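A.B. asks: what's the 3D shape of this:
(chains A and B)
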Amino acid sequence: MATLKLKNLKKGFEGLQIIKGIDLEVLDKEFVVFVGPSGCGKSTLLRLIAGLEDVSSGHIELDGRDITEVSPAKRDLAMVFQTYALYPHMTVRKNMSFALDLAGGDKAEVQRKVDDAARILELTPLLDRKPRQLSGGQRQRVAIGRAIVRNPKIFLFDEPLSNLDAALRVQMRLELARLHQELQATMIYVTHDQVEAMTLANKVVVLNGGRIEQVGSPLELYHHPANLFVAGFLGTPKMAFLKGKVSAVDTGGCEVSLDAGLQLALPHSSAALKVGDPVTLGIRPEHLELATAGQPGLSVTADVSERLGSDTFCHVLADSGEPLTVRLRGDLNNPYGQRLQLHLGAEHCHLFDANGDAVSHALRAAA
Amino acid sequence: MTTQTANKAQLRDTRKAVGRRSSNPGWFLVSPSVLLLLLWMIVPLGMTLYFSLIRFNLLYPGENEFVGLENFSFFLTDSGFLPGIWNTVVLVLSVLIISVVGGVLVAALLEASDFIGRGIVRVMLISPFFIMPTVGALVFKNLIFHPVSGILAALWRAFGAQPIDWLANYPLASIIIIVAWQWLPFAILLLMTAIQSQDLEQKEAARLDGAGPGAIFWHLTLPHLSRPIAVVVMIETIFLLSVFAEIFTTTNGGPGFASTNLAYLIYNQALVQFDVGMASAGGLIAVVIANIAAVILVRMIGKNLTDKG
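C.D. replies: As a prediction, the model looks like this:
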């Protein structure tokens, strides 16, 4: 059992506030991913949990015990660093047993734990090598092994895959997911890579500017982003944003007139929404399609297209100058410079008010 | 037919030219510097060898007959030889131990602590290295160790004790202190920069693994410093084998042979007793000893330097 609670956690460096009040609960056996742009404080938050930085104010509780002031070694946490931070002059075996040796554990017991971890990570033939004789992926596994042997309550990962090449990163991502299943462990993982966040997490925490923007399962965040930042941060290619004004509201929905020149009836509504309010409409590439003849649509001019074989991502410009991306068939001819009519599926649109907060579907809000 | 042979001849010429171009000119162009360097080494060595085999005393000019290995046997049986060797070894080892142990500790303390004026302290710690050995030794002799005007004498008197004449009573220890004072900064300089290059994440990982400051120093910092320590030992050994100015300006090798090292002994033969032949023999013996030390050093720590980390 391992549950972690952060209560109004704050951290500042020399007057500069980095973490501006974080409340979060991590449940047992969860794989939580902190994701956000660089400088959003996600690594600092992880280091606060690990105890490598002192908390300015707030509390950290592990299984109901306040560990805010406890030294890093006594928190029962293990961390895997971005640069792996292996001890260069020690063999793989010594690297993995270092913590247990320091704690003065029974020799045979330590040996057994190291052998077990090595077997799980397929490091057994490498146990007598030095870190410099290993490849990047192998070093990464040793760093994970060093965490495993300690049998910590929570594993902390600080961008562990960003020093690996693309192919190895995909492979290690799968191995990490498998490891989480095998060990049934609680893990907190920091990354700036949204693909890692989407594929690994049970729970994604999107951070921006030292605050939590949204917490939820990957698909929840993808389909129901709480605000413009989350909507724009998750998903590649990015969600397109079109500015407009509310032209009519009722309890079942609203009508928006876009600057790009389209009137659209949407099933979104809220009590605060009034006629004339500036709003932003968001739509993902896969929810845009070419309008069939006679269908009312958004007129756009095609820019360059990226043909990936399975799909073509066609970048287009609305008449208002706002860029959109459309996912189209893979065998599409390059429509560069052509005028296109796009159909926006109203039920897939996201609506954000002037503050950037999402306006929910009227029906879902009622239910 | 004639054109064919002409062609062949031409081809042969080109080949020859190509061969000459690819090997000869390079060798030809570097040869002046190679020759110069060779002369630079061979001439003094040859002259020393020659002087060591003849009688060559400046007090008896003209009597330069061949004496074989007599100079060597005189030097080796000289009453100053064994003390000289012993003092050289004690001096080198003591200064090495003081500068390596002290250097590691000072560098680690400087890295661990953060106080105002750390930059100034660093410069001050390194500055003794930039002071001429002669000047440093004179300062120690007249202002610190002196039984009348020295600071230590004043300190002793302040406690009502009889001031000690350091250079007369503890000559070798005094010289060790002077030389260590000069070479400790060198060790600090090298080890401080090395300690700064230590990986921060490794230390953090060790902290999470439960290592305290002592364990981090022992298991991470010291192994990290093994290579710069090897460099310090190598370089200092080379220079410490030939310490001279500090002895010349303070004790003159005395009392007796109490602070005479090999370098001072050779100087003593050549310029005090005017026996150039015997001094040359001593110089050659010193070369042999230096080479033995070099071989031992390379065996012991050379692996540490070539081992790619």
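A.B. asks: the stretch 151-300 of chain B: helices as residue ranges?
C.D. replies: Using DSSP state H, counting those that start in this stretch, the helices of the stretch 151-300 of chain B run over B:151-158, B:166-169, B:171-196, B:200-208, B:213-216, B:222-240, B:245-250, B:262-267, B:276-297.
A.B. asks: the stretch 51-200 of chain B against chain A: which residues are in contact?
C.D. replies: B:D199 (C-beta under 8 Å from any C-beta of the partner chain). Backbone N, C-alpha and C define where each C-beta goes, glycine included.
A.B. asks: re the thing from before, looking at the helices of the stretch 151-300 of chain B, which is closest to B:E70?
C.D. replies: helix B:276-297 (8.5 Å; C-beta to C-beta).
A.B. asks: buried ones in that closest one?
C.D. replies: B:V276, B:G277, B:M278, B:A279, B:S280, B:A281, B:G282, B:G283, B:L284, B:I285, B:A286, B:A293 (16 or more other C-beta atoms under 10 Å in any protein chain shown).
A.B. asks: extract the CA atoms of stretch A:237-256 and return them as CSV.
C.D. replies: Only the C-alpha atoms of stretch A:237-256 are listed here, as CSV (Å, rounded to 0.1, in the frame of the first residue of the first chain):
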residue,chain,number,x,y,z
PRO,A,237,-1.0,17.6,-34.5
LYS,A,238,-2.4,20.2,-32.2
MET,A,239,-6.1,21.0,-31.8
ALA,A,240,-7.1,24.0,-34.0
PHE,A,241,-8.5,27.1,-32.4
LEU,A,242,-11.0,29.4,-34.1
LYS,A,243,-12.1,32.7,-32.5
GLY,A,244,-15.7,33.8,-32.6
LYS,A,245,-18.7,35.3,-30.7
VAL,A,246,-21.8,33.9,-29.2
SER,A,247,-24.7,34.9,-31.3
ALA,A,248,-27.5,33.0,-29.5
VAL,A,249,-27.9,31.0,-26.2
ASP,A,250,-30.5,28.7,-24.8
THR,A,251,-30.5,25.9,-22.3
GLY,A,252,-29.9,23.2,-25.0
GLY,A,253,-26.9,24.9,-26.7
CYS,A,254,-25.7,28.0,-28.3
GLU,A,255,-24.9,29.5,-31.6
VAL,A,256,-21.4,30.8,-32.4
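A.B. asks: returning to what we had before: how about CSV for the buried residues of helix B:276-297, with distance to chain A and pLDDT added?
C.D. replies: Below are the buried residues of helix B:276-297 laid out as CSV (distance: C-beta to the nearest C-beta, whole Å; pLDDT from 0 to 100):
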residue, distance to chain A, pLDDT
B:V276, 51, 83
B:G277, 52, 83
B:M278, 49, 82
B:A279, 47, 85
B:S280, 47, 87
B:A281, 46, 85
B:G282, 43, 84
B:G283, 42, 85
B:L284, 41, 87
B:I285, 40, 86
B:A286, 37, 85
B:A293, 27, 84
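A.B. asks: of those residues, which is the nearest to A:I283?
C.D. replies: For the buried residues of helix B:276-297, the nearest to A:I283 is B:A293 (79.0 Å; C-beta to C-beta).
A.B. asks: for the nearest residue to the closest one once chain neighbours are set aside, give me its contacts.
C.D. replies: Using C-beta to C-beta, 6 or more residues apart in numbering or on different chains and skipping the chain neighbours, the partner closest in space to B:A293 is B:T237 (6.2 Å). By C-beta atoms under 8 Å, 6 or more residues apart in numbering or on different chains, the contact list for B:T237 reads B:V92, B:L96, B:A293, B:L297.
A.B. asks: does the first one belong to a helix or a strand, and which?
C.D. replies: Put plainly, it is B:V92. Element membership of B:V92 [criterion: DSSP states H and E] is helix B:81-112.
A.B. asks: and that helix, what other elements does it pack with?
C.D. replies: Packing partners of helix B:81-112 (3 or more C-beta pairs under 8 Å, 6 or more residues apart in numbering or on different chains; DSSP states H and E): helix B:118-126, helix B:171-196, helix B:222-240, helix B:262-267.
A.B. asks: 6 Å instead, please
C.D. replies: Secondary-structure packing of helix B:81-112 (3 or more C-beta pairs under 6 Å, 6 or more residues apart in numbering or on different chains; DSSP states H and E): helix B:171-196, helix B:222-240, helix B:262-267.
A.B. asks: mind listing what's buried in it?
C.D. replies: B:81, B:83-85, B:87-88, B:91-92, B:94-96, B:98-100, B:102-104, B:106-108, B:110-111.
A.B. asks: now the most centrally placed residue in chain B, nearest residue through space, not along the chain?
C.D. replies: Nearest to the mean C-alpha position of chain B, counting by C-alpha atoms, centre = their mean, stands B:F239 at 1.5 Å. Distances taken as C-beta to C-beta, 6+ apart put B:W183 closest to B:F239, at 7.6 Å, once the chain neighbours are dropped.
A.B. asks: show me chain B divided up by domain.
C.D. replies: B:1-42, B:72-306 (automatic domain parsing).
A.B. asks: most packed of those?
C.D. replies: Greatest average neighbour count among the domains of chain B goes to domain B:72-306 (a mean of 17), per mean count of other C-beta atoms under 10 Å in any protein chain shown.
A.B. asks: picking up where we left off before, out of the domains of chain B, nearest to A:K107?
C.D. replies: domain B:72-306 (17.2 Å).
A.B. asks: what segments of the stretch 251-367 of chain A are helices?
C.D. replies: A:362-366.
A.B. asks: tell me which residue of it lies closest to chain B.
C.D. replies: A:G356 (36.3 Å; C-beta to the nearest C-beta).
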